[in-house]
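[1] I need the structure of the sequence given here:
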Amino acid sequence: MGCIEPTNSGNLFTWSSTRGDERIRKSRIDRCLVNENWINQFPRSQLHVLNLGIYDHCPIKLFREKEERFKISFKFFNFWMENDKFKDILQSVWSTDVRSSNMYRVFEKLKILKNQLQSFDKKKFSNISSRVLVTREELEEV
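    Numbers count the residues shown, from 1 in each chain. Prediction:
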């Protein structure tokens, strides 16, 4: 079992009480407990203590971290050009009609070409770029 501490944003206290003329008493008596599996899967989880409502305890909200997705940069493989389909893809994309400024046309066509080549890579070469990436990670672990 583990305990997640509140983040700096929001309330630090989860309970408060006022009794007559006494000063407001505050305490952090409520906790958020998670198991080891949670900690391993979401090591950067965050706990937010929300504003006190009509009760004397503040609600606690646990945010699991969002899975970090890294954009893998586009890699062009020279061996693609040796395949007969490459030239067809290139001609098809470059002949696509995009109505805008010259620079925007180039930008749009390159974006379309990137998507077409990624699909081409998956179909013809079994997504070799991803396999190379996975193999490199495995090699680093060894």
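
[2] SS state for P43?
    Per DSSP: H, G, I helix; E, B strand; the rest coil, the secondary structure class of P43 is coil.

[3] per-residue confidence at F86?
    Looking at F86, its pLDDT is 92.

[4] Near it, how many other residues are there?
    F86 sits with 16 neighbouring residues when counted by other C-beta atoms under 10 Å. For every residue, glycine as well, the C-beta is placed using N, CA and C.

[5] Next: S73.
    The number of residues packed around S73, counting by other C-beta under 10 Å, is 6.

[6] and it, helix, strand or coil?
    The three-state label given to S73 by three-state DSSP is coil.

[7] What distance do you get for it to L133?
    Applying C-beta to C-beta, to the nearest Å, one obtains 11 Å for the distance of S73 from L133.

[8] can I see the domain layout of the protein?
    Structural domains of the chain, as assigned by automatic domain parsing, span the residue ranges 2-63, 78-141.

[9] Which of those comes out lowest on mean pLDDT?
    Among the domains of the chain, domain 2-63 scores lowest, at a mean of 69.

[10] Okay, helices next: where are they in the protein?
    Secondary structure of the chain by DSSP state H: the helices cover 36-41, 84-94, 102-125, 128-141.

[11] and of those, who's closest to S17?
    Proximity of those to S17 was assessed by C-beta to C-beta; the nearest stretch is helix 36-41, lying at 31.2 Å.
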